[in-house]
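Student: Mind folding the following:
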Amino acid sequence: MKAIFFDRDGVINDNSQHYYTHKIEQWTFNPGIIELMSGLLNKGYKLFIVTNQGGVARGKYSKSDIVQLHLQVCNALKEKGIIITDIAVCPHHPLIENCLCRKPQPLMLEKLIARYHIDKAQSYMIGDSKSDGEAATQAGIKSIIVPKNKDVRQQINHIL
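Tutor: Predicted coordinates for the structure are as follows:
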């Protein structure tokens, strides 16, 4: 199975107005992301979200806030015919606690790769930061670093 792993904030949603996005009212899909995800599904990719959510550790919002937001986002995507296979979340923040899952560590990716028997040679991490790229490299998959909060279809065309 081939897969696309998306970073959440800055890639799927525009977080320029809400750095700690944790409510559906704060959520705005980036331009073109729905079309991109649809095209990737049509090419046989399974879609995943891999996201650092340090606001949980910092007390900005709770794990249940994130679960609720992700449920609402997945339902909105499902209405457009887009299925997110799974979401991995690191709720830690390096100023508060050390962990093995926060990107640039590859643990979230590695767990999804193992659980879903992902073919690493055919899979990509799409992120907007150096830590996304580092996590992908350590997990043995290719990465594509895109501009934050923009329409990223131009950078992804070679996959489609």
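
Student: which one in the chain is furthest away from the centre?
Tutor: I96 (22.6 Å; CA atoms, centre = their mean).

Student: quick one: contacts for that residue?
Tutor: G54, A57, R58 (CB atoms under 8 Å, 6 or more residues apart in numbering). Glycine gets a C-beta too; all of them are placed from N, C-alpha and C.

Student: Over to L40?
Tutor: I4, L47, I156, I159, L160.

Student: buried subset of the residues you listed?
Tutor: Burial by neighbour count, 16 or more other CB atoms under 10 Å: within these this picks out I4, L47, I156, I159.

Student: the helices in the protein, which residues?
Tutor: Taking DSSP state H, the helices of the chain run over residues 33-42, 63-79, 107-115, 130-139, 153-156.

Student: Go through the contacts of L40 and flag the one the model is least confident about.
Tutor: Comparing pLDDT over the contacts of L40, L160 scores lowest. The value there is 68.

Student: so what does the lowest-mean-pLDDT helix or strand in the chain touch, helix or strand wise?
Tutor: The helix or strand of the chain with the lowest confidence, counting by mean pLDDT, DSSP states H and E, is helix 153-156 at a mean of 85. The contact analysis (3 or more CB pairs under 8 Å, 6 or more residues apart in numbering; DSSP states H and E) places helix 153-156 against helix 33-42.

Student: Also compute the angle for the helix it packs on relative to helix 63-79, please.
Tutor: 70 degrees (axes from the mean of the first three to the mean of the last three CA atoms, to 10 degrees).

Student: buried residues in helix 33-42?
Tutor: So, applying 16+ other CB under 10 Å, buried residues of helix 33-42: I33, I34, L36, M37, G39, L40.

Student: Same question for stretch 68-88.
Tutor: In stretch 68-88, counting by 16+ other CB under 10 Å, buried: L69, H70, V73, L77, I82, I84, T85, I87, A88.

Student: got it, and stretch 90-99?
Tutor: C90, P91, H92, H93.

Student: okay, that stretch in CSV with CA atoms only?
Tutor: C-alpha atoms of stretch 90-99 as CSV (Å, rounded to 0.1, in the frame of the first residue of the first chain):
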residue,chain,number,x,y,z
CYS,A,90,2.0,14.0,19.4
PRO,A,91,0.5,16.0,22.3
HIS,A,92,3.9,16.8,23.8
HIS,A,93,6.0,20.0,23.8
PRO,A,94,9.8,20.0,24.1
LEU,A,95,9.8,22.8,26.7
ILE,A,96,7.7,20.7,29.0
GLU,A,97,8.6,17.0,28.4
ASN,A,98,10.8,14.9,26.2
CYS,A,99,9.1,12.3,24.0
